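Student: Turn this into a structure:
(chains A, B, C and D, ligands or ions: 4)
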Amino acid sequence: MIRIYKTSEVINFTLEKLMKKNKNIVCFGLGVDDPKSIFNTTKNLQKKFGEYRVFDTPASENAMTGIGIGMSLNGKIPIMVHQRLDFFLLAMDQLVNNASKWNIMFGGKNRVPITIRLIIGRGWGQGPTHSQNLQSWFAHIPGLKVVAPSFPSTMKNLLIDSILDPDPVIIIEHRWIHNIEEKLNISSHKKQLGKINLLNKGKDITLISSSYSTIEILKIYETLKKNNVSFDHIDLLSIKPLDIKAIFRSVKKTGKLLILDNSSHSFCSVSSEIVSQLTAINPKVFKKKPLILNLPEIASPSSFYLTKEFYQSEDNLLKSIEKILHKKLKRYLKKNLLPHDVPDQNFTGPF
Amino acid sequence: MIRIYKTSEVINFTLEKLMKKNKNIVCFGLGVDDPKSIFNTTKNLQKKFGEYRVFDTPASENAMTGIGIGMSLNGKIPIMVHQRLDFFLLAMDQLVNNASKWNIMFGGKNRVPITIRLIIGRGWGQGPTHSQNLQSWFAHIPGLKVVAPSFPSTMKNLLIDSILDPDPVIIIEHRWIHNIEEKLNISSHKKQLGKINLLNKGKDITLISSSYSTIEILKIYETLKKNNVSFDHIDLLSIKPLDIKAIFRSVKKTGKLLILDNSSHSFCSVSSEIVSQLTAINPKVFKKKPLILNLPEIASPSSFYLTKEFYQSEDNLLKSIEKILHKKLKRYLKKNLLPHDVPDQNFTGPF
Amino acid sequence: MKLKKNNYINFFKKIYLIRKTELEISERYSEQKMRCPVHLSVGQEAPSAAINIFLKKTDFAISYHRAHAHYLAKDCSLKKMIAEIYGKASGCSNGFGGSMHLVDEKKNFIGSTAIVSNSIPVGAGYAYSILNNSKNNKVCIYIGDASCEEGVFFETLNFVVLKKLPVIFFCENNKYSVYSGLKNRQPKNRKLFKLASAFGIKSFHLSSLNAIELLKKMHKIFQKKIDEPIFIEVDTYRYLEHCGPNRDDNLNYRPTKEIKHWSNNDPLVITENYLLKKKFCSEKNIKEIKFKIDALIRDAFIFAENSNPPRYKDYERLVLK
Amino acid sequence: MKLKKNNYINFFKKIYLIRKTELEISERYSEQKMRCPVHLSVGQEAPSAAINIFLKKTDFAISYHRAHAHYLAKDCSLKKMIAEIYGKASGCSNGFGGSMHLVDEKKNFIGSTAIVSNSIPVGAGYAYSILNNSKNNKVCIYIGDASCEEGVFFETLNFVVLKKLPVIFFCENNKYSVYSGLKNRQPKNRKLFKLASAFGIKSFHLSSLNAIELLKKMHKIFQKKIDEPIFIEVDTYRYLEHCGPNRDDNLNYRPTKEIKHWSNNDPLVITENYLLKKKFCSEKNIKEIKFKIDALIRDAFIFAENSNPPRYKDYERLVLK
Ligand SMILES: Cc1ncc(C[n+]2csc(CCOP(=O)(O)OP(=O)(O)O)c2C)c(N)n1
Ligand SMILES: Cc1ncc(C[n+]2csc(CCOP(=O)(O)OP(=O)(O)O)c2C)c(N)n1
Ligand SMILES: [Mg+2]
Ligand SMILES: [Mg+2]
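Tutor: Ligands and ions are numbered 1, 2, ... in the order given. You can find the predicted model right below:
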């Protein structure tokens, strides 16, 4: 059906559709069956598929991950969800020492088709342990795939890809994309795992983003266009595998690169990896110094007064582009009537 | 006293010396007091300092890390050790959500001076879960420092730096450096946290390594020198903070870079970070494509027959240098009479 | 030592302080100046109020996301707590932490954290650091019923018993973890205190609905010299939603009967009536107490509102060099 | 159903197979062709031999670093195990895993892993996948005494009881974790089966020194239909070092008396004598049994030695695309 969907709706519909088709799919996590049903993404699933296939869990992240792995060794296709990525740090042993390696460890006969949705918090005082995006940790581990959808449509495609993938896939699911709307055909599917999405085509500069950062770049489209900046905008979608060839093609064309990375901290980030891989292919590709914008080298603050500067602003983004292009840009930004720490006007806290 | 020391001895002496000086230092971990005393590094410490300051622990890596953090909030200086880094994956919540953030989270008044020694296994069938080097995970987290000593002398300096540092420091301690010998003055100390060590000076190429990789590069010195290759060899020592300025100076001079990285896997590695940071300073610094040699994108195998190709060989290292320099190198390698999976002739398994 | 009049009055004062502070937060939350998640303790004031009648000032405490009551019951700075929730520089964590990261070094409140159970081993480590301290100080580790599902709780319990650390585990069992009732998370008939007891720790269960009875039972525990780690489980109930300022009974995740059962035994009402009945206080005394506390709370909000925001520069200074 | 002659003979066979296989590994280890850590089960053959008399072929098993006995007792491929230890392509994990990563799909041996306790939840997840299976199959999760110190064990226990999963926790308590005795790790008087029991799981403790008694007690457990998760703790003892082929009693981390105590009650000797005494076997029968098993072991080593090494190409093929 073609109509306007929210990302959260798309997740819900997609889960329902796939679970209907394949009764080996099992969905669990803290709160999947509660009145808020993970920001409405797991709504009615338990009612439709029963308590065996859709279940709430104890606060035991490490064991529950292992339990997902165990099921998957016997044909189940588990979908786990964590309301914040930060909670999942308890399960790194299961993820890294078991999920990512089981197949290799036992000679290549035992794949682990688990999908793990990790929600990234932002704003409204989420603070140091409710807003980390550790995508580069997961991307660093051989045997794991990592995707970071940005829109309802890419969420649909990547969620399907992840669930159908025979190996563990981590979905980086930013809290602020849940309410983003897009008109789409809910029953279509296009494989996007391993591929980038070129959202805008141009020749002056390559902008790369993923997940909610992609939305942030959309907000400066008007300014860029009215200033006659012709830009490639790459929505990464798939952090790993990374479509470095497509990225290289773009940077080769523009010679200029800015990456907006909503993962915390610059060290060993996905952005560094992109720059490093491009350099390894050909350092001459860069006509200007590439720029990475990400979160500062410090745990994220809770205070409203600090998050404003902690996160990248549209203005800062534009300034960086000005720096690369050596050109002043007149601002055509929509007046933001919202406080900086909420995704939309419907959000009034607390979670 | 100046004499020849093994790395393991240096650790033992240094711990003893500092513990004598400062009775707040506490040392714990699985097996610190057992007959093998962590490859002799904690020998006699319990005898000398008692069971309160030096103690064996239950197999509870996560809790024990939190317990270390708790002590440190009240003036203790804990030194934790894990016989393999891989076991420490159980404690990522405590490390990331508490140790690295406590100071920030509570307004900057509560530092956590914990030192965590993580031993990296290699060879003799260590296999997928006994040989991971996840240094880039730790380096990715704001609030953590990471060092990777290579020799007895750098071990001494970095161990002291780590223990004296007011914030959490991770020591990447490769199992294969324990028996490396060096003549040194055990009572001297030179600060090396945050600094590189330039082991050889030259102008054709910059070689970067850390931890046991540094030893691997030493093994090709003769070949390089007899071939009149003039090279900078940088022993990183401090993964984070990273002395990128010193690295840049070297690469600016040589224009050519090879990094030998004993951490698994290329994605989001410390090496990528170095290349990316250099490119961000100036992409033109590279006269040739930089090369990163690290471990393949797959969990490490157990079989003797597979580890040979899994790890980088001296020959492969030389081939890569030939590629960058565009020059054939005559080999002057010491015949290695040892099997490839042991560090020295005294090693006959099983651990 | 018997329970004295003053103990009862203090108990009431603590409950009243917590209740009114939380309700004030609840009321003002919609002003959108307290921009962080808040886990309020309305309804479950009695347990922490009770234990803090018996803990010494020199004892330590460490807590979790629902920490307001624990913090206030230990006489920590109300002003700094409110300022913290407002994200101001004068907050106990300079605004960096928010409602879930309360600290008061002066009052030996070690901190509170936002990951379920991850303050537990930190408390045990603190206890290790004061092992064999002459003052016989203890570390009170507050936990919820869901804390007892995380592995680290059991690991810590084992270590605490092994080393005989001066720890009091204080578990407020309010039967819910967010919207999840116990039946989703723990087997039927699970008794947390019995579970703890199997680890070799002396364990108590205070199941009284009546706050005064709770106080008396708590008193009994502290009558004897405590020279080993102990575990105390207290049944309690929150009136408001898990996180946020409102009631959420309309969501129907909790049986109406259960809600009534608890709210009919409101700790504030019960303690106030008890003071009057026992003539520990006159109506006038009570009014005075309330008046004073109300003023403190008012002042705290004024303090918070008037405080300066933290400067980003000061935050950035904490980046490691 | 009573224990039959055949059960006793099978029990003996399993013990003998495990003992001789492990001793062969031990003897040949110095040839340096088995280049991986090995955790041998010499001395502690009886527990897994006993339970595997009662487990069905269709039941599942999952284990930890010391898995040889569990693997062999379930009739998994001896050849593939030895080849795996030799790092050969014909190994059960193609040589990729080594001694600590044994698997045999045909025999429902799910795997064994090298991180203490991390196979536990995997076993529980497997059990979840067969919940309500008509065959009433179970998953036997082997654990050691140190496994019961990791949080994930308790988390899993809670879940298994909550969901009534078809799991048998089988804990071989050999009192040591590497060189660390229980006193370093667990409070005095800790009884693991009681701890488990407090989680609401039916628990058994088999403390018999005598292997035949152990078998009989195990039999008793399996007499009744098992329709809920259970926990079995068995006291046992390893004769050799934690990891590697040798004795290490010279290191003095274990009391001589304790070592004697156990080796004086050697399960192999006891079962053999029992068969003879009960006339279940003649000396000749025993010889034949041993001869056959010895031949199997010899063949397995020949198979392993003659097998091809894995090709790096085949390994690399597993890199994710
Ligand atoms: C490791 C982890 N998992 C999940 C969460 C999400 N979470 C926040 S509070 C909470 C409920 C905790 O319940 P309980 O311990 O009973 O305390 P209560 O809120 O009832 O006071 C959960 C699950 C978290 N913060 N940390
Ligand atoms: C998480 C983790 N911590 C530590 C180790 C190191 N280690 C390997 S075996 C072992 C002892 C385990 O003892 P137990 O469970 O009693 O089994 P046993 O060796 O006695 O059969 C330890 C601590 C590990 N492999 N994993
Ligand atoms: Mg609760
Ligand atoms: Mg043991």
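Student: The strand or helix carrying A:Ile321 and chain B, any residue contact?
Tutor: Under the criterion of DSSP states H and E, A:Ile321 resides in helix A:314-325. No: using Cβ under 8 Å from any Cβ of the partner chain, we find that helix A:314-325 stays clear of chain B, coming within 11.7 Å at best. (C-beta placed from N, C-alpha, C; glycine too.)
Student: What of stretch C:191-201?
Tutor: No: using Cβ under 8 Å from any Cβ, stretch C:191-201 stays clear of chain B, with a minimum separation of 11.7 Å.
Student: Please name the strands paired to the biggest strand by length in chain A in the sheet, noting orientation.
Tutor: Scanning chain A for the longest strand, with DSSP state E as the assignment, gives strand A:257-264. According to DSSP bridges, strand A:257-264 forms sheet pairs with strand A:205-209 (parallel), strand A:291-295 (parallel).
Student: Now do the last one: everything it contacts.
Tutor: Contacts to strand A:291-295, defined as Cβ atoms under 8 Å, 6 or more residues apart in numbering or on different chains, come from residues A:257-266, A:269, A:271-272, A:275, A:310-312, A:316-317, A:320, A:323-324, B:276, B:280.
Student: then that strand to PDB, C-alphas only?
Tutor: The C-alpha coordinates for strand A:291-295 follow below in PDB (Å, rounded to 0.1, in the frame of the first residue of the first chain):
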ATOM      1  CA  LEU A 291      36.500  17.100   7.300                       C
ATOM      2  CA  ILE A 292      34.900  14.900   9.800                       C
ATOM      3  CA  LEU A 293      32.200  16.400  12.100                       C
ATOM      4  CA  ASN A 294      31.200  14.200  15.000                       C
ATOM      5  CA  LEU A 295      30.600  14.400  18.700                       C
END
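Student: which secondary structure elements does the next helix or strand after that strand contact?
Tutor: The element immediately downstream of strand A:291-295 (helix or strand, assigned by DSSP H and E) is helix A:304-310. When contacts are defined as 3 or more Cβ pairs under 8 Å, 6 or more residues apart in numbering or on different chains; DSSP states H and E, helix A:304-310 sits against helix C:312-316.
Student: Closest residue of the stretch 101-250 of chain A to ligand 4?
Tutor: Taking Cβ to the ion, ligand 4 has its nearest neighbour within the stretch 101-250 of chain A at A:Met105, 22.5 Å off.
Student: and the very next helix or strand once past the longest strand of chain A with strand A:291-295, angle?
Tutor: Using DSSP H and E, the helix or strand that follows strand A:257-264 towards the C-terminus is helix A:270-281. For helix A:270-281 against strand A:291-295, the angle by axes from the mean of the first three to the mean of the last three Cα atoms, to 10 degrees is 160 degrees.
Student: and whichever residue of the stretch 101-250 of chain C sits closest to chain D, how many neighbours does it have?
Tutor: Here the stretch 101-250 of chain C gets closest to chain D at one residue, C:Gly151, 1.8 Å apart by Cβ to the nearest Cβ. A count of neighbours around C:Gly151, defined by other Cβ atoms under 10 Å in any protein chain shown, yields 27.
Student: do C:Glu31 as well
Tutor: Other residues close to C:Glu31 by other Cβ under 10 Å number 8.
Student: if we can go back for a sec, would you list the buried entries among the contacts of strand A:291-295?
Tutor: A:257-266, A:269, A:271-272, A:275, A:310-312, A:317, A:320, A:324, B:276, B:280 (16 or more other Cβ atoms under 10 Å in any protein chain shown).
Student: circling back to that earlier point, and the angle for the longest strand of chain A with helix A:314-325?
Tutor: With the same axes, to 10 degrees defining the directions, strand A:257-264 sits at 150 degrees from helix A:314-325.
Student: Quick one: mean pLDDT for strand A:257-264?
Tutor: Average pLDDT, strand A:257-264: 94.
Student: Spell out which parts of the stretch 151-300 of chain C neighbour chain D.
Tutor: Residues of the stretch 151-300 of chain C lying near chain D by Cβ under 8 Å from any Cβ: C:151-155, C:158, C:161-162, C:185-187, C:189-190, C:194-195, C:197-200.
Student: when you check these against the helices, which ones overlap?
Tutor: Within these, residues falling in helices by DSSP state H are C:Gly151, C:Val152, C:Phe153, C:Phe154, C:Glu155, C:Asn158, C:Val161, C:Leu162, C:Lys194, C:Leu195, C:Ser197, C:Ala198.
Student: Could you report the distance from the closest residue in space to A:Gly123 that isn't next to it in sequence to A:Pro128?
Tutor: In this structure, A:Gly123 finds its nearest non-sequential neighbour in A:Asp341, 3.7 Å apart by Cβ to Cβ, 6 or more residues apart in numbering or on different chains. Look at A:Asp341 and A:Pro128: by Cβ to Cβ, to the nearest Å, they are 15 Å apart.
Student: okay, the two: which has more neighbours?
Tutor: Taking neighbours as other Cβ under 10 Å, A:Asp341 and A:Pro128 compare with A:Pro128 leading, 31 against 21.
Student: I'd like the distance between the more buried one and chain D.
Tutor: Distance of A:Pro128 to chain D, computed by Cβ to the nearest Cβ, to the nearest Å: 23 Å.
Student: swap in C:Phe291?
Tutor: Following Cβ to the nearest Cβ, the distance that separates C:Phe291 from chain D is 48 Å.
Student: average model confidence for the longest helix along chain A?
Tutor: Longest helix in chain A, counting residues (DSSP H): helix A:7-21. The predicted model gives helix A:7-21 an average pLDDT of 98.
Student: Which elements pack onto the very next helix or strand once past that helix?
Tutor: Beyond helix A:7-21 on the C-terminal side, the first helix or strand identified by DSSP H and E is strand A:25-28. Applying 3+ Cβ pairs under 8 Å, 6+ apart, one finds that strand A:25-28 contacts helix A:7-21, helix A:45-53, strand A:54-55, helix A:61-72, strand A:77-82.
Student: and strand A:25-28, does that touch ligand 1?
Tutor: No: Strand A:25-28 is not in contact with ligand 1 by Cβ under 6 Å from any ligand atom; minimum separation 13.6 Å.
Student: would you put the C-alpha positions of that strand in PDB?
Tutor: Written as PDB, here are the backbone C-alpha positions of strand A:25-28 (Å, rounded to 0.1, in the frame of the first residue of the first chain):
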ATOM      1  CA  ILE A  25      11.000 -15.400  13.500                       C
ATOM      2  CA  VAL A  26      11.000 -14.600  17.200                       C
ATOM      3  CA  CYS A  27      11.000 -11.100  18.600                       C
ATOM      4  CA  PHE A  28      12.000 -10.200  22.200                       C
END
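Student: what does the next helix or strand along the chain from it contact?
Tutor: Counting by DSSP H and E, the element after strand A:25-28 in chain order, helix or strand, is helix A:37-40. Residues outside helix A:37-40 that contact it (Cβ under 8 Å, 6+ apart) are A:8-9, A:12, A:29, A:31-32, A:43-45, A:81, A:83, A:119, A:175, A:178.
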